[in-house]
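Student: Build me a structure from this.
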Amino acid sequence: MARLLRALGAFCARHSLPVIAVWVLLVVGVGAAIAGLGAQTNNDLSLPGTDSQAAKDLLEERFAPQQNGVNPIVFDVSAGKLSDDGLKQAVNESVQAMRQEPHVHSVTSPLSSAGRSAGLVADDEQTAFAPVLLDIGSGDLTPEIAQRVVDATQPAQDAGVTVEAAGSIGSTLSTDDSETSEVVGIVAAMIILTFVLGSLVAMGLPIITAVVGLGVALSVVGLLGHALAIPSSGPTLATMIGLGVGIDYALFLITRHQDQLREGRSVADSVAEAVATSGSAIVFAGCTVVIALLALGVAGIPLVSTLGLASAIAVVAAVLVAITLLPAFLGLLGHRIGWLSLPAFLRPRREHGTGLWARWSGVVRRHPVVVSVVSLAALAPLIVPVLSLELGQEDVGATSPTTTERRAYDLITDGFGVGYNGPLQIASAFDPVAAPSEEYTKKYDRARSLQQDLEQKQKQLPRQQQQLEARKQQLDAQQSRLESQQAALERQAAQLQREQAELEQQAAALRAQQQRLEGRRARLQAQRSVLQREARELADRIRPLARELARLAVRERVLERRIDRARGRPDRVDRLRERLADVRARQAVVRDRLAPLTARARVLAERARRLAGQAAALARQADALRSRADQLQQQKASLQRQAASLQRDGDRLRQEADQLRRQGDELQQRADDLKAEQQQAEQEKKQAEQLEQQLTDMMTQAGGDERGTDPRVVALQRSLAATSGVIALTPPQINGAGDVVLLSAVPSTSPASDDTADLVGVVRDDVLPATDEGSGVTSHVGGYTASYVDLASLISARLLLVIGTVILLGFLLLMVAFRSLLIPLQAALTNLLSAGAAFGVLTAAFQWGWGISLLGIDTADSSVPIASYVPLMMFAGLFGLSMDYEVFLVSHVQQHHHAGEEARRAVRAALTSSARITTAAALIMASVFASFILNDDPTIKQFGVGLSVAVLLAGMLVVTLAPAVLVLIGEAAWWLPRWLDRLLPHVSIEGETGPPAGAVPPPDRGARSGSGTRRKVGR
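Tutor: This next block holds a predicted model:
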């Protein structure tokens, strides 16, 4: 192979312009093919052998185009309701316009009776969606077709209704065609290449060749999409890997070419030698990556296989560009490759055995155990999260909120519930075919019989009704006259009653006044009695005091006369005066006692006078009351006479009313007869209405198709509706032959939820088998959500097979390349460690939600499920890519070892010479991968995070753990049993080269240590 590549490199270097022209023609050719045929991608998930695929196949065969799934077009208003006249008309016009678009098979208006019965309108009537069924799959759906469907909703948009698209229409319109991530990755690679290669011209070559190779690869992938179902993420993944390996491969070859030019070789010879040596390593490394990617086919999953194929095409293109177009550019530029070089202090140093990597290789050479332990310790915390890794489903709820599919997802979630974004499709095959139930047929026949009877009665009863109404009008006129007279009498009676009531009120008032007067009279009499008693008691007390006072007055006068007669007798006068003083003192005492009694007597006299006045006033009031009572009695007599007159008039009216009543009874008898007939007709009408409502309910549940009343369909609906986790069930859809029934069950959780995946299992394992058993029904669960659940199950079941296959093929390739058992084993373990650490970072970042916002993901949940195929694709791609670094490191070790250096010294020398380029290549590839984190697709972000971390870790382990292990195992690294050495083909990775500078010639080219055999440098 080395000789063939040397000749190819020499040819390309000498015939630069023709080779470049061939590539230009190739680019133009595939570009023209793409312009004419278009790049085709297909997100239809094909999973042979799964229940979801069985559902899809059943629909495709017997109920097309239901297998394509519905595409909800969401209508939403923030004010008012969609059922308002203006908005309703705009929505209906939009639905009608969508029906006219090409490839639209059917559209159900959410505001129609069918739409409401199917639950297409939210409870608040501000959100609704119209399910659009296309007659083409997502692989044939172009952005132009999808946009025309959305543009047809212009009437609703003009009316102020927000319109968003979900399903494959929304996904097609939400595809990010921008190249922001690619540009960022290329800019980062340009910066690193500038410092590694030392000039802007040299830096440009890897970029140009990688872009050319990527362009050709993407064109081939786009054309291949017409034959294979390549998903929309395939070209993006191919871009990631194609850019990374394309730049890295060019870097390896240009670095070798620059070193050889510095050694004084001619341009043509240097290019030929670089293609023979580094080109051989590039071809081998590319084959390793391609084999790892194509090994995904053993999983038997078309999605995974086509993703691997698309990525492998990008790698093949990168290898072909590296060994043909790049040598042509190198031959054309010659020594001008160093033009526009960096300042001397920025250019990389080329001194052998000096610099950072020389010192580091010495550390690895002296302390391999420490380096190994530290490397493993650094990986341990990164590997821990992988123990909780769970394979999930893709979820639109994690995509960019700027896309129409995400906005539709959020509107449906807010208006209906998150489960409406991923309903389960239950496709059932019926044998015998679905037919109207016996219950429905009996009710339908009974309803028709009642309808005919009612129609006959509706012809007869109106004539009888008219005759009765005419007679009733005559009686009503007579009754109106009597009622008028009776009303007049009632008014007079009411007037008399009012007057009588007034008299009664006046009489009651008089009686109340009389009672009050009687009470006052009784009180006055009681007071008079009290006064009389007090007066008598006071008189009894005053009389003795008055008598005593009179007696004392007489005694006083007697003593005064005696004093006058005894004037000449002083002694007697004194005695008489003493006695007179005593009498007067006694008089004072009696007067003091008599004074209050006298005052009390005057008070009693005044009260007696007032009581007499009050008694006189009461007497006058009593006379007035008697007079008023006489007047009332006279008025009462007058009212009684008037009442008697009214009674006579009333008797006359009653006689006339009796006569009218007899006539009314006759009319009533006739009316009762008619009413009986009408009641019978009404009863029959109610029965007909009940039957009609029952039939309507049955037809609503049956989706408007009487075959949906089949007991097997009803049983299936009831079982699904009763399943925990199912919140709604759409009416059944039945194909023309009646042998396929399609139901949609809405889960209560999001499409990506583990609970939804569990629900799929419950429906498949418990609900459907119990319902279908013995009924001639075979049911399958399909749809978007169920397909990704099956995908996760398939990948989980075949993950170890794929990993084992990839590891085994990589092991065999390295064993053939380096003719060793321990080197492939070391490479496999190193790659497994870096893959495990990358999976751990992926788990922490997305599944645990650490730094979700930093990754540019706006989601209502705290985490994002890891798409089931991401770890599988990552492992295959990572294993192949990281093997590149192992190949370049070990090929350098092999070169030095073949030149005669001792095994451990060969590791040190190889690490010193290759580490700078290896780490630069890892940084470049990691930068390219990391730039795809800017992509809006959360799955591409997962690839970007996982692959960038994995490549960085792989690059780190290639300069730490890998050389440390090679130092530890020493010469045993090159041991291979003789029998196996004879069986394996001989391949030289770096071709035939001379010994590196400073290498010690081998002391003996005959035998090797151990039982292995000595390998020739070239073959």
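Student: in the stretch 251-400 of the chain, which spans are strands?
Tutor: Here the stretch 251-400 of the chain has its strands, by DSSP state E, counting those that start in this stretch, at 391-392.
Student: meant to ask about the stretch 551-700 of the chain, not that
Tutor: Under DSSP E, counting those that start in this stretch, the stretch 551-700 of the chain gives no strands.
Student: Please apply the same query to the chain.
Tutor: Assigned by DSSP state E, the strands in the chain fall at 70-76, 104-107, 127-134, 162-165, 391-392, 424-430, 726-729, 733-734, 740-747, 777-782, 866-867.
Student: mind listing what's buried in stretch 292-300?
Tutor: For stretch 292-300, the neighbour count (16 or more other C-beta atoms under 10 Å) marks 292, 293, 294, 295, 296, 297, 298, 299 as buried. Placement of C-beta: from N, CA and C, glycine included.
Student: which residues touch the residue nearest to the last one when sequence neighbours are not counted?
Tutor: Distances taken as C-beta to C-beta, 6 or more residues apart in numbering put residue 798 closest to residue 299, at 4.5 Å, once the chain neighbours are dropped. The contact partners of residue 798, by C-beta atoms under 8 Å, 6 or more residues apart in numbering, come to 298, 299, 300, 301.
Student: go on, residue 395?
Tutor: By C-beta under 8 Å, 6+ apart, the residues touching residue 395 are 750, 751, 752, 864, 865, 938.
Student: For it, give me phi and psi.
Tutor: phi -140, psi 120 (degrees, to the nearest 10).
Student: in the stretch 601-750 of the chain, what spans have low per-residue confidence?
Tutor: Within the stretch 601-750 of the chain, the ranges that satisfy pLDDT under 70 run 670-671, 673-674, 677-678, 681-682, 684-685, 687-689, 691-704.
Student: Surely residue 69 and residue 166 touch.
Tutor: No - the criterion here is C-beta atoms under 8 Å, and residue 69 misses it with residue 166 at 10.5 Å.
Student: neighbour count winner among those two?
Tutor: residue 166 (27 against 23; other C-beta atoms under 10 Å).
Student: I'd like to know how far the residue lying closest to residue 742 once chain neighbours are set aside sits from residue 141.
Tutor: Leaving out its chain neighbours, the residue that sits closest to residue 742 by C-beta to C-beta, 6+ apart is residue 733, at 4.4 Å. Look at residue 733 and residue 141: by C-beta to C-beta, to the nearest Å, they are 21 Å apart.
Student: Distance check, the closest residue to residue 925 other than its chain neighbours against residue 186.
Tutor: Once flanking residues are discounted, residue 925 sits nearest to residue 244: 3.8 Å by C-beta to C-beta, 6+ apart. Using C-beta to C-beta, we find residue 244 at a distance of 11 Å from residue 186.
Student: Could I get the contacting residues of residue 897?
Tutor: Here residue 897 is in contact with 903, 906, 974 (criterion: C-beta under 8 Å, 6+ apart).
Student: JSON lines for those residues, including pLDDT?
Tutor: Listed next are the contacts of residue 897 as JSON lines, based on pLDDT from 0 to 100:
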{"residue": "903", "pLDDT": "75"}
{"residue": "906", "pLDDT": "83"}
{"residue": "974", "pLDDT": "80"}
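Student: And these, which is closest to residue 361?
Tutor: residue 906 (10.9 Å; C-beta to C-beta).
Student: so the closest one makes contact with residue 891?
Tutor: No - in this structure, residue 906 is not within contact of residue 891 by C-beta under 8 Å, at 11.4 Å.
Student: who has more neighbours, these two?
Tutor: Higher neighbour count among residue 906 and residue 891: residue 906, with 27 against 24, using other C-beta under 10 Å.
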